[in-house]
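Participant: Could you look at this predicted model? Sequence included:
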Amino acid sequence: VGDLVTLSSYGKKSSGLSAWNDRLYPNKPQLLGLVVRTEDNPNIRSWTSKNESTYYYVNWINKDCPASRWGSAAYYRNNAYFLRNDLKFVK
């Protein structure tokens, strides 16, 4: 919590977040956000990966930003989390 993040290359390649891919849309500014909360996945099973075990909630600084790891549609805002592989910590 409190770390600055942007989308990782893995996140930019995913279908829901491809609208923020630098190669496809070079004129868009780079996303920058702040992790405001982390939460353990309530549905952990024996096959759940380490990546899927924690939800990251991000407040983006940019106006044009994804609501969740599935994109920016309004109905994704109810469960608006990202996984660790979707994010890259900014130095």
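Facilitator: Received the coordinates, thanks. Residues are numbered from 1 along each chain as shown.
Participant: where does this protein dip in pLDDT?
Facilitator: Applying pLDDT under 70 to the chain flags residues 74-77.
Participant: Would you map the helices across it?
Facilitator: Taking DSSP state H as the test, the helices found in the chain are 9-13.
Participant: middle-most residue in it, spatially?
Facilitator: Geometric centre of the chain, nearest residue: residue 82, 3.9 Å, by C-alpha atoms, centre = their mean.
Participant: Tell me the spacing between that residue and residue 38.
Facilitator: Note on residue 82: its distance to residue 38, by C-beta to C-beta, to the nearest Å, is 10 Å. Glycine gets a C-beta too; all of them are placed from N, C-alpha and C.
Participant: what sits in contact with each of those two?
Facilitator: The contact sets of residue 82 and residue 38 overlap at 55, 56, 57 (C-beta atoms under 8 Å, 6 or more residues apart in numbering).
Participant: got a list of what the first one touches?
Facilitator: In other words, residue 55. So residue 55 contacts 38, 39, 40, 41, 81, 82, 83 (C-beta under 8 Å, 6+ apart).
Participant: For it, give the beta-bridge partners.
Facilitator: residue 39 (DSSP bridges).
Participant: same check, this time on residue 5
Facilitator: With DSSP bridges as the rule, residue 5 is bridged to residue 33, residue 89.
Participant: What number of residues are in the vicinity of it?
Facilitator: 21 (other C-beta atoms under 10 Å).
Participant: what's the spacing between the nearest residue to residue 3 once chain neighbours are set aside and residue 84?
Facilitator: Nearest residue to residue 3, sequence neighbours excluded (C-beta to C-beta, 6 or more residues apart in numbering): residue 35, at 4.9 Å. Applying C-beta to C-beta, the value for residue 35 to residue 84 is 11 Å.
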